[in-house]
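Novice: Curious how this folds, go ahead:
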Amino acid sequence: QVQLVESGGGLVQAGGSLRLSCAVSGRTFSVYVMGWFRQAPGKEREFVAAINWSGGGTDYADSVKGRFTISRDYAKNMVYVQMSSLKPEDTAVYYCATSKRFTRRRNEYDYWGQGTQVTVSS
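Specialist: Take a look at the predicted model:
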């Protein structure tokens, strides 16, 4: 089992920044990839970014590329996503998740956190 706890969400004005954190605990040796997803009201959960847990390779959705940066602190078992130049369309619940594959596919992620709300006002 892997436990994930997100934090750092909140209300921010358009153009602002937020950093989300995800604390990873449990069987961390089984973690290969960490991903961030988001789900807006009435929409499906969508891929945001992913990072290879040990090697640090990254992947981003086109909608956030150049504005979001995913990173991890291997020693602290933490994963972050720094979000800049936020837009109202970034409003969603953000989730971190783990996978054994470097993938954007939601159904290939095994463990999920409870989510943290990000609201961007215009």
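
Novice: Toward the C-terminus, what is the element adjacent to the helix or strand where Glu6 lies?
Specialist: For Glu6, the enclosing helix or strand under DSSP states H and E is strand 2-7. Past strand 2-7, heading to the C-terminal end, the next element that is a helix or strand (DSSP H and E) is strand 10-13.

Novice: centre of the chain versus that next one, how much separation?
Specialist: Here strand 10-13 is found 17 Å from its chain centre; the criterion is C-alpha atoms, centre = their mean, to the nearest Å.

Novice: Mind giving me the packing neighbours of that strand?
Specialist: Strand 10-13 sits against strand 116-121, with contacts defined as 3 or more C-beta pairs under 8 Å, 6 or more residues apart in numbering; DSSP states H and E. All C-beta atoms are positioned from the backbone trio N, CA, C, and that covers glycine.

Novice: For the strand it packs on, C-alpha coordinates in CSV please.
Specialist: In CSV, the C-alpha atoms belonging to strand 116-121 read as follows (Å, rounded to 0.1, in the frame of the first residue of the first chain):
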residue,chain,number,x,y,z
THR,A,116,-6.8,19.4,-3.0
GLN,A,117,-9.0,22.2,-4.4
VAL,A,118,-7.5,24.9,-6.6
THR,A,119,-9.7,27.9,-7.5
VAL,A,120,-8.4,30.6,-9.9
SER,A,121,-10.5,33.7,-10.0
